[in-house]
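[1] Make a model of this:
(2 chains)
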Number of protein chains: 2
Amino acid sequence: MYKKILVPLDGSERSTKALFHSVSLAQKYTAKITLMHVVPNLPPYVNTAVDRLGHIPQSIFDELMRNGKDMLDQYVSSISDKNIDTDKFIVMGQPADEILEKANQENYDLIVIGSRGLGEIKGYIMGSVSNRVSRHAPCPVLIVR
Amino acid sequence: MYKKILVPLDGSERSTKALFHSVSLAQKYTAKITLMHVVPNLPPYVNTAVDRLGHIPQSIFDELMRNGKDMLDQYVSSISDKNIDTDKFIVMGQPADEILEKANQENYDLIVIGSRGLGEIKGYIMGSVSNRVSRHAPCPVLIVR
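    Below you'll find the predicted structure:
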């Protein structure tokens, strides 16, 4: 029933728990899991280094992406002994939109997502990503808390 | 990980699908599933037989409960060959509230619920039950569509 599982992760405790659930399901169903991280777009007012047009300078972009990749690598390492087929995907954007686009494009059978936490990056919260994902996803969504 | 699974059902196609998912999970995890139906409270304006105080006459109450029980029995029969430990529970009330109360009282590990359909009884819809359940549940919620 579940062969391709998408797991959006953001470094929060809840998303670590979501990963834990997805690993168990992947073992039971011999599924492949995609560990995904969305580096949230910085709103222009957050950082004075953002230029007047609201663009993020390349150096900041690079650093955000590098941090995100490091985090994903740590998640992958943390389950390397589980003998599960995994891949990883990182993108910058609006978390719920990017998760939904990925799910739509690649026919996932299940999304496993923490109930909160996505987008909670140092105090700016983009609304409840999991709620939006669960309302609009093309597949079942397991919300973990 | 999942030993007790709660499956709210309302006769909709989506809730049949939710049952299907819960059966698969129950088999994989050797879990017990509780098939639950909430007979939605009738708002006073729906039925002229509701008395002036807004109470449902006993005969209507009895019939609604009987119909609900029949539906639950059919669900139970439909999975009788799956060799799963099941029980059933029926109550009248506000669907999301009753589901949350049951989940809170009896420590379920997982709720499996259709993304729509609950409360869609002949045109009166009580809002999206699955959204409310997924926001307030004490345990993970799998939303099936």
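
[2] okay, CA-based contacts and neighbour counts for the rest of this
    Will do.

[3] List, one by one, the residues from chain A near chain B.
    A:1, A:24, A:28, A:115, A:131, A:134-135, A:138-145 (C-alpha under 8 Å from any C-alpha of the partner chain).

[4] Now, these that are in strands?
    By the criterion of DSSP state E, membership of the residues of chain A next to chain B in strands covers A:141-144.

[5] Give me the local confidence score for A:Arg145.
    For A:Arg145, the pLDDT comes out at 87.

[6] Pass me the low-pLDDT residue ranges in chain A, would you?
    A:42-56, A:116-127 (pLDDT under 70).

[7] Let me know the secondary structure of A:Leu72.
    helix (DSSP: H, G, I helix; E, B strand; the rest coil).

[8] ok, it - contacts?
    A:9, A:35-37, A:88 (C-alpha atoms under 8 Å, 6 or more residues apart in numbering or on different chains).

[9] any chance you could map the strands in chain A?
    In chain A, the strands defined using DSSP E lie at A:4-8, A:32-40, A:85-93, A:110-114, A:141-144.

[10] Report all helices and strands that the last one contacts.
    Under the contact criterion of 3 or more C-alpha pairs under 8 Å, 6 or more residues apart in numbering or on different chains; DSSP states H and E, strand A:141-144 touches helix A:13-29, strand A:110-114, helix A:129-136, strand B:141-144.

[11] And the ones you listed: which comes nearest A:Gln58?
    The closest approach between A:Gln58 and any of the helices and strands packed on strand A:141-144, judged by C-alpha to C-alpha, belongs to helix A:129-136 at 26.3 Å.

[12] tell me which residues in that closest one are buried?
    Along helix A:129-136, these residues count as buried under the neighbour rule (16 or more other C-alpha atoms under 10 Å in any protein chain shown): A:129-135.

[13] same check, this time on stretch A:1-17
    A:2, A:4-12, A:14-17.

[14] Repeat that for stretch A:83-95.
    In terms of neighbour count (16+ other C-alpha under 10 Å), stretch A:83-95 has its buried residues at A:84, A:86, A:88, A:90-92, A:94-95.

[15] can you put the residues you listed in CSV and add distance to A:Asn41?
    Below are the buried residues of stretch A:83-95 laid out as CSV (distance: C-alpha to C-alpha, whole Å):
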residue, distance to A:Asn41
A:Ile84, 31
A:Thr86, 26
A:Lys88, 19
A:Ile90, 13
A:Val91, 10
A:Met92, 6
A:Gln94, 6
A:Pro95, 9
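
[16] which one among the residues you listed gets closest to chain B?
    Among those, A:Ile84 lies closest to chain B (C-alpha to the nearest C-alpha), at 16.9 Å.

[17] residues contacting the closest one?
    Counting by C-alpha under 8 Å, 6+ apart, A:Ile84 has contacts A:23, A:26-27, A:30-33.

[18] From the residues you listed, list just the buried residues.
    Buried among the contacts of A:Ile84 by 16+ other C-alpha under 10 Å: A:23, A:26, A:30-33.

[19] Closest one of these to A:Ala103?
    A:Ile33 (12.2 Å).

[20] So what pairs up with that closest one in the strands?
    Assessed by DSSP bridges, A:Ile33 has beta-bridge partners A:Ile5, A:Thr86.

[21] correct me, but it touches A:Val7?
    Yes: using C-alpha atoms under 8 Å, A:Ile33 is in contact with A:Val7, at 6.9 Å.

[22] Now list whatever residues contact both of the two.
    A:Ser22.

[23] nearest spatial neighbour of A:Leu25, skipping sequence neighbours?
    Spatial nearest neighbour of A:Leu25, chain neighbours left out: A:Ala31 (7.5 Å); criterion: C-alpha to C-alpha, 6 or more residues apart in numbering or on different chains.

[24] distance of that neighbour from chain B?
    13 Å (C-alpha to the nearest C-alpha, to the nearest Å).

[25] For A:Val91, give me its contacts.
    Counting by C-alpha under 8 Å, 6+ apart, A:Val91 has contacts A:37-39, A:65, A:98.

[26] which pair in these spans the largest distance?
    For the contacts of A:Val91, and using C-alpha to C-alpha, no pair is farther apart than A:Met65 and A:Glu98, which are 14.9 Å apart.

[27] Nothing else from me, thank you.
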